[in-house]
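Novice: kindly return the folded structure for what I paste below:
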Amino acid sequence: MGTPTTWQDMTARRLWRHGLAAPGDSAADVVSAMCGAHAQVMSAAELSVGLRLKGADRTRVRSALWDTHELVKTFGPRGTVHLLPARELPLWSAALESAESARGGKGAHNGLLTPEQVRELELAVTEVLADRELTVDELTDALAEHAGPWAADRVMEAFQDRWPRWRAATQTLANRGALCFGPMRGRRVTYTSPRRWLPDFAPAEAGAALEHVVLSYLRAYGPATPQHFAQWMAAPRRWASALFASLEGRIEPVEVEGTVAYRVAGDAGEAPGSVPEVLLLPYFDAYTVGSHPRDVVFPGAVGRRALAAGQAGNFPVLYLDGVAAGVWHQRRSGRRLDVTVEALVPLSAARREAVAERVERIGEILEAVPRLTFGTVSVGPHA
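Specialist: Modelled structure (predicted):
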């Protein structure tokens, strides 16, 4: 077992590993170190990545996604929309499909599609998206033509509506590299093929892919338990425990204040330098979502305020020394950005000044003129 350590030490190392103490130069490197950036709310993803890039604003993040294609927008851990490094997509695709299989494939079809139909959709989607972006409606029409009318049957219950049958396989199709997100067309989502930028794309071998994702996860969030990994991946705990056991020699147990968790073997890591005393991280920031134990990262009353039924990411979070200390909210109107910070612990004058500096940086990244108010955040999660 590795040398015992403390959660305080681990928190400092996580801040360094996430690029929050020392921003990087490459969008792909930054997102790799984060183990993916949650991108359901694209402005939050731009802020998450921008905070970790030297001198970056949202335009640079968008360029890495749509111009240089260092990043790809697709479905990631927990079936949620993520930015991932394009170079790692074959590994992520195989690992995510393995996790989906471990769940029993429920995310793939919900009983609406047979394995043969999913395969037909995979072939059809690969063909029709080979050199273009299509909206959901356009892709539905194309799949009805290429795979058969059954693909467009409106049988999938979703948001008080019925979606076409093929959409029950969207996550599976993404995991197999058949589709990813394209640029927005106005307010409409588009899909395209990642093979446009990765012409030799093929999912990696499952064992190598799972090893890559576990090691990446432990570098970003470790020490962590198989249960923490299972929650982050939305996979069965038994499957995660067996996966960790299969990586003996590549990962090692370490005691952290009485808890046995795992890290990459031999990765005690260099002693980190100074860490940012104050951070303002947006909705679903990777550090917020992936960091455990929750009662250490979100202690006491702060956890009751910043978590939603124990789930992390629903509120933007104020951190002091890497530990949650409040929530915040932004409201944009044209070029103006009103930021309200609700601290749940007393803030010294120096810390208030540091919060103001962080708000200025947020304004730079989002290309807005910020105005800071200290007070109660009156809106709920996702607002």
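Novice: residue 42 and residue 374, how far apart?
Specialist: Counting by C-beta to C-beta, to the nearest Å, the gap from residue 42 to residue 374 is 28 Å. Where C-beta positions appear, they are placed from N, C-alpha and C, glycine not excepted.
Novice: ugh, wrong one, I meant residue 159
Specialist: For residue 159, the distance to residue 374 - C-beta to C-beta - is 37 Å.
Novice: again, but for residue 311
Specialist: Distance from residue 311 to residue 374, by C-beta to C-beta: 26 Å.
Novice: more neighbours: which of these two?
Specialist: Between residue 311 and residue 374, counted using other C-beta atoms under 10 Å, the more crowded position is residue 374 (15 against 11).
Novice: hey, what's that one bridged with?
Specialist: Assessed by DSSP bridges, residue 374 has beta-bridge partners residue 341.
Novice: that one and residue 343 touch, don't they?
Specialist: Yes - counting by C-beta atoms under 8 Å, residue 374 sits close enough to residue 343 to count as a contact (6.9 Å).
Novice: which residues are in contact with each of those two?
Specialist: residue 355 (C-beta atoms under 8 Å, 6 or more residues apart in numbering).
Novice: host element of the closest residue to residue 272 other than its chain neighbours?
Specialist: Closest residue to residue 272 apart from its sequence neighbours, by C-beta to C-beta, 6 or more residues apart in numbering: residue 16 at 4.3 Å. For residue 16, the host element (DSSP states H and E) is helix 7-17.
Novice: which strands and helices lie in contact with the helix or strand hosting residue 98?
Specialist: Using DSSP H and E, residue 98 maps to helix 89-102. Under the contact criterion of 3 or more C-beta pairs under 8 Å, 6 or more residues apart in numbering; DSSP states H and E, helix 89-102 touches strand 71-75, helix 170-175, helix 206-221.
Novice: what packs against the helix or strand that comes right after the second one?
Specialist: Just to be clear, that refers to helix 170-175. Proceeding N to C from helix 170-175, the next assigned helix or strand is strand 180-185, under DSSP H and E. Applying 3+ C-beta pairs under 8 Å, 6+ apart, one finds that strand 180-185 makes contact with strand 71-75, strand 188-192.
Novice: tell me the most buried of these?
Specialist: Stretch with highest mean neighbour count among the helices and strands packed on strand 180-185: strand 71-75 (a mean of 25; mean count of other C-beta atoms under 10 Å).
Novice: the helix or strand following that strand - contacts with which helices or strands?
Specialist: Later in the chain than strand 71-75, the nearest helix or strand by DSSP H and E is strand 81-85. Under the contact criterion of 3+ C-beta pairs under 8 Å, 6+ apart, strand 81-85 touches helix 27-34, strand 37-38, strand 71-75.
Novice: okay, the angle between strand 81-85 and strand 180-185?
Specialist: With axes from the mean of the first three to the mean of the last three C-alpha atoms, to 10 degrees defining the directions, strand 81-85 sits at 110 degrees from strand 180-185.
Novice: check contacts around the residue nearest to residue 272.
Specialist: 22, 272-273, 275.
Novice: so residue 268 sits right up against residue 3, yeah?
Specialist: Yes - counting by C-beta under 8 Å, residue 3 is a contact partner of residue 268 at 6.6 Å.
Novice: all good on my end, thank you.
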